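**Student:** output the structure for:
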Amino acid sequence: LFGGLSTAATHSPAYLGRSPGRRRRRAREERGLECAWGSASGAVVCRNWDGWTRDCAVGNGRGFWHWECFGAGVAARRWRCGLAVCWQRAAGLEPCLGERVRVGTMRALLRQAMRPPGFAAVIVLTLALGIGANTAIFSVVHAILLRPMNYPDSDRIGFVSSTLRTDPRASFPVSYADLRVFQRETKAFERFGGSMDAQFVVTGVAEPTRVKGAYVTPETLDLLGVAPLRGRLLTAADDVPGGARVCVLGHRAWQRFFGGAEDVVGRGVILDGHTHVVVGVMPASFKFWDAWAYVPLVHGVPAELRTVRDVRMGLWGIGRLAPGRTFAEAEQELDVLARRMDEETPGESRGVTAQVRALADTVGAQLRSTLLLLLGAVTCVLLISCVNATNLLLARGASRQREYAVRATLGASRRRLVLQMLGETLPLGLAAGGVGILLSVWGLQVLMSFLPADLVPAEAQVRLSGPVLAYTVCLSVLSAVVAGVL
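**Tutor:** Numbering: from 1, shown residues only. Below is the predicted model of the structure:
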């Protein structure tokens, strides 16, 4: 490959009569046309990206192109616009060394996109407002609705509640008696447990503190598939009447009450006036039930209420499906068990059955319609931003009609002109995406302050994650395409 100015071109009166700055700029533009020259032939055909061809002579056998190839103005435009494909006239039309996109092309498109700077700033800010709003809302939607759980195979974890056969829309807790029957006899779940809200008063520390906890069955922590950071999980021996009082601490309780001590396992913590031995500590990422401490379920239900089906104390079932089973099959199986208990205990909870749903579907269910409505609203805002940016680009395009006419006269197709316009709007879209990410950080904080804390699942990690950033990049490119095409 050769490129540069020919001897005749560099010594012509027209060339030498230019200022040094214009001569250097013209030389750079001339070098922008890179074509192949074969020693077997003194002439080649240069075919530029828009299909226009013309015979060109090689000066002095060194492969340097004369200005007569395209003319000074055309050569400058070819360098700014892009792609040169060269063909050597030898044995037929034979491609030389292929295609090459010059770095100068990108720089030229970037300069054209940012000209004038004030105009480009208005377009970037216009698109950034729509992109930033979409990024902030999508961050919440992704964390709460799309990936609310970070447990292994979370799509197999089911949430079990009670409902009425006459009104399936009703949903209320499961009784302790029903839960134990489900645990013993279900086949659709490979592991089945339960969890119940609790409030513990922690004493024996510098300042007594009320924290949120949970009464759980040993199977509950085990089926979630998260290993403890220290010690062990609860076992079946811990969940028996009259058994020793033990607990598993959450990471926050471990840090606050024990200062992250390595020897915390085996030490005691006083919960509601009872000393519990710490047998394990969960990692910081584990926030099931948003609890600070997990205590065996048997200690949260009085003995006289453990066999009564009509008493419900805020207990909910949690189960992991067996391989090859579905939630619908599990619900049918639990309904059969509920009907059998109706016959065995007449007069208690008749007409009550079980309802099984995916755990991810129950998390943030009350926020689903609100978040989807907000996502639709900010999508409309982005479309309005694209329309406004298009109007600004049309105003600038009106001043470049002569340039586009010259390009079309030289053979540029409509497709090539559209690609050029898209190439000029793409940097603006990417810049708007960067500004939009900065705006979304602030918008995300404002949005989370308005959402009810008790409706946002503790497991949801609302942040600018990798998928959210990928969504923002795609949104930026799409916005640039829409603004450039419209």
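**Student:** and the helix or strand where Ala360 lies, what does it pack onto?
**Tutor:** According to DSSP states H and E, Ala360 maps onto helix 359-362. Applying 3 or more Cβ pairs under 8 Å, 6 or more residues apart in numbering; DSSP states H and E, we find helix 359-362 packed against strand 157-164. (C-beta placed from N, C-alpha, C; glycine too.)
**Student:** send me the following helix or strand past the strand it packs on as CSV with only the CA atoms.
**Tutor:** With elements assigned by DSSP H and E, the helix or strand that comes after strand 157-164 is strand 167-172. Output in CSV follows, covering the C-alpha atoms of strand 167-172 (Å, rounded to 0.1, in the frame of the first residue of the first chain):
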residue,chain,number,x,y,z
ASP,A,167,-62.3,-17.4,46.4
PRO,A,168,-58.8,-18.2,45.0
ARG,A,169,-57.9,-14.5,45.1
ALA,A,170,-57.7,-14.7,49.0
SER,A,171,-54.3,-15.3,50.5
PHE,A,172,-53.5,-15.8,54.2
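**Student:** start the count at 26 instead of 1 going forward.
**Tutor:** That works, and once the first residue is 26, the last one we named lands at strand 192-197.
**Student:** tell me how far strand 192-197 lies from the chain's centre.
**Tutor:** How far strand 192-197 lies from its chain's middle: 34 Å, per Cα atoms, centre = their mean, to the nearest Å.
**Student:** each with direction, which strands does it pair with?
**Tutor:** In the sheet, strand 192-197 lines up against strand 182-189 (antiparallel) (DSSP bridges).
**Student:** buried residues in the next helix or strand after the helix holding Ala385?
**Tutor:** Counting by DSSP H and E, the element after helix 384-387 in chain order, helix or strand, is helix 393-423. Buried positions in helix 393-423, judged by neighbour count with 16 or more other Cβ atoms under 10 Å: 396, 399-400, 403-404, 406-407, 410-411, 413-415, 417-418.
**Student:** low-confidence ranges, the protein, go.
**Tutor:** Residues of the chain meeting the criterion pLDDT under 70: 26-135, 510-511.
**Student:** go with 50
**Tutor:** Along the chain, the parts satisfying pLDDT under 50 run over 26-42, 52-129.
**Student:** show me what the top helix by length along it is packed against.
**Tutor:** If you go by DSSP state H, the chain has its longest helix at helix 439-475. Helices and strands touching helix 439-475, by 3+ Cβ pairs under 8 Å, 6+ apart, are helix 128-138, helix 142-166, helix 393-423, helix 426-434, helix 491-510.
**Student:** angle of that helix against helix 142-166?
**Tutor:** Taking axes from the mean of the first three to the mean of the last three Cα atoms, to 10 degrees, one finds that helix 439-475 is oriented at 50 degrees with respect to helix 142-166.
**Student:** so helix 439-475 versus helix 393-423, what angle?
**Tutor:** Helix 439-475 runs at 140 degrees relative to helix 393-423, counting by the same axes, to 10 degrees.
**Student:** run the angle between helix 439-475 and helix 491-510 for me.
**Tutor:** Inter-element angle recorded for helix 439-475 and helix 491-510: 140 degrees (by the same axes, to 10 degrees).
**Student:** list the buried ones in helix 439-475?
**Tutor:** So helix 439-475, judged by 16+ other Cβ under 10 Å, has buried residues 441-442, 444-458, 460-462, 464-465, 468-469, 472.
**Student:** what's the answer for stretch 202-210, then?
**Tutor:** For stretch 202-210, the neighbour count (16+ other Cβ under 10 Å) marks Ala202, Asp203, Leu204, Val206, Phe207, Gln208 as buried.
**Student:** got a list of contacts for that stretch?
**Tutor:** Residues outside stretch 202-210 that contact it (Cβ atoms under 8 Å, 6 or more residues apart in numbering) are 185, 187, 199, 217-219, 242, 244, 331-334, 340, 342, 359, 362-363, 366, 374, 379.
**Student:** now stretch 224-233
**Tutor:** 234-238, 278, 282, 293-298, 317-318, 320.
**Student:** repeat the analysis, applying 7 Å as the threshold.
**Tutor:** The contact list for stretch 224-233 (Cβ atoms under 7 Å, 6 or more residues apart in numbering) reads Thr234, Arg235, Val236, Lys237, Gly238, Phe282, Val294, Ile295, Leu296, Asp297, Ala318.
**Student:** same thing with stretch 472-492?
**Tutor:** 161, 164-165, 167-169, 173-175, 312-313, 315, 388-389, 391-392, 462, 465-466, 469.
**Student:** check stretch 370-386 too.
**Tutor:** Residues contacting stretch 370-386 (Cβ under 7 Å, 6+ apart): 173-174, 179-180, 182-191, 196, 200, 334-335, 352, 355-356, 359-360, 363, 367.
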